[in-house]
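Asker: sequence? don't have it. structure:
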């Protein structure tokens, strides 16, 4: 099913998330992180961090979840490929921060006679004091099943 | 050769990060911890219904490994930007190696910044992730 290009420019509902140290440790464990700065509060503080730092790619998943926004557009998650991901950093976030993610769909286009649809979304991440943390840009590719158009 | 931040120059290579084969346990841990709950990474039945032989590793798992390559080399507070293209899927049991190389150094906003070219490559030579990062070196 083709994604309606009218969704371009749609500001999606902002998501506010508390960064929990347990989730940061679970993430570090899952990726095999060996640097204690990411798991041990003392090591983080010794390195000058107020708390456990949020690692560079963790912000992506804060707004991902069950991808309800995608299924809401009629997209079958089995057909979604992550094409590109980009982060611009303003400052490092830490455990205990409350972050607000503001996503916006910035482009939708198709290639190969509509068999590949591209969906580009930008997400601004701010701390609750208003200071910018990072800007994310993601490109998702939806493969249409053979024979469909 | 590998390089420390103090003598960074164009062409310098970061110490590579070789990972063990990606297990199903890793995928089961990474999904909930990262927030990427797409069942294509977790549920064999869903993968098969999409015509795949098996579940696929999360692209963001490979990007997280590249993040380890970067923060293992420099303090994360020096990282200005980080972007990748996912160029091939990573199968279960894939064995990724992360590499990085300094491709340019320039003065931006009053600081010296190095641009790194990054890749994740499987044992069979498949490049699964290609990207770049910008790091403040001084």
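Answerer: On my side now, so go ahead. Computed from a predicted structure; not experimentally measured.

Asker: what sits against residue 63?
Answerer: Just so you know, I chose chain A. Neighbouring residues of residue A:63 by C-beta atoms under 8 Å, 6 or more residues apart in numbering or on different chains: A:15, A:17, A:101, A:103, A:123, B:35. From N, CA and C alone the C-beta is placed, and that goes for glycine too.

Asker: meant chain B, my bad for not saying
Answerer: A:57, A:60, A:85, B:84, B:129, B:131.

Asker: from the contacts of residue A:63, which land in strands?
Answerer: Residues of the contacts of residue A:63 located in strands (DSSP state E): A:15, A:17, A:101, A:103, A:123.

Asker: what's the PyMOL line that selects buried ones from those residues?
Answerer: Selection of buried members from the ones in strands among the contacts of residue A:63 for PyMOL, criterion 16 or more other C-beta atoms under 10 Å in any protein chain shown:
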select buried, chain A and resi 17+101+103+123
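
Asker: once you drop chain neighbours, what's closest to the residue nearest the centre of chain A?
Answerer: Nearest to the geometric centre of chain A sits residue A:60, at 2.4 Å (C-alpha atoms, centre = their mean). Leaving out its chain neighbours, the residue that sits closest to residue A:60 by C-beta to C-beta, 6 or more residues apart in numbering or on different chains is residue B:60, at 5.6 Å.

Asker: buried sites along stretch B:119-128?
Answerer: Buried residues in stretch B:119-128 (16+ other C-beta under 10 Å): B:119, B:120, B:121, B:122, B:128.

Asker: quick one: name the residues of chain A near chain B.
Answerer: A:23, A:26-27, A:29-33, A:35, A:47, A:53, A:55-58, A:60-67, A:77-89, A:91-92, A:137 (C-beta under 8 Å from any C-beta of the partner chain).

Asker: and the contacts of residue B:63, which is closest to residue B:11?
Answerer: Nearest to residue B:11 among these, counting by C-beta to C-beta, is residue B:131 at 18.2 Å.

Asker: may I have the beta-bridge partners of the closest one?
Answerer: residue B:84, residue B:118 (DSSP bridges).

Asker: ok, now how distant is it from residue A:52?
Answerer: Note on residue B:131: its distance to residue A:52, by C-beta to C-beta, to the nearest Å, is 25 Å.

Asker: the two: who's more crowded?
Answerer: residue A:52 (25 against 22; other C-beta atoms under 10 Å in any protein chain shown).

Asker: test my guess that the more buried one contacts residue A:39.
Answerer: Yes. Contact criterion C-beta atoms under 8 Å: residue A:52 and residue A:39 qualify, at 7.1 Å.

Asker: give the residues shared as contacts by those two.
Answerer: Common contacts of residue A:52 and residue A:39 (C-beta under 8 Å, 6+ apart): A:24, A:25.

Asker: show me where pLDDT drops low in chain B?
Answerer: B:1-4 (pLDDT under 70).

Asker: what number of residues lie near the closest residue to chain A within it?
Answerer: Going by C-beta to the nearest C-beta, chain A is nearest to residue B:35 of chain B, at 2.8 Å. Neighbours of residue B:35 under the rule other C-beta under 10 Å: 20.
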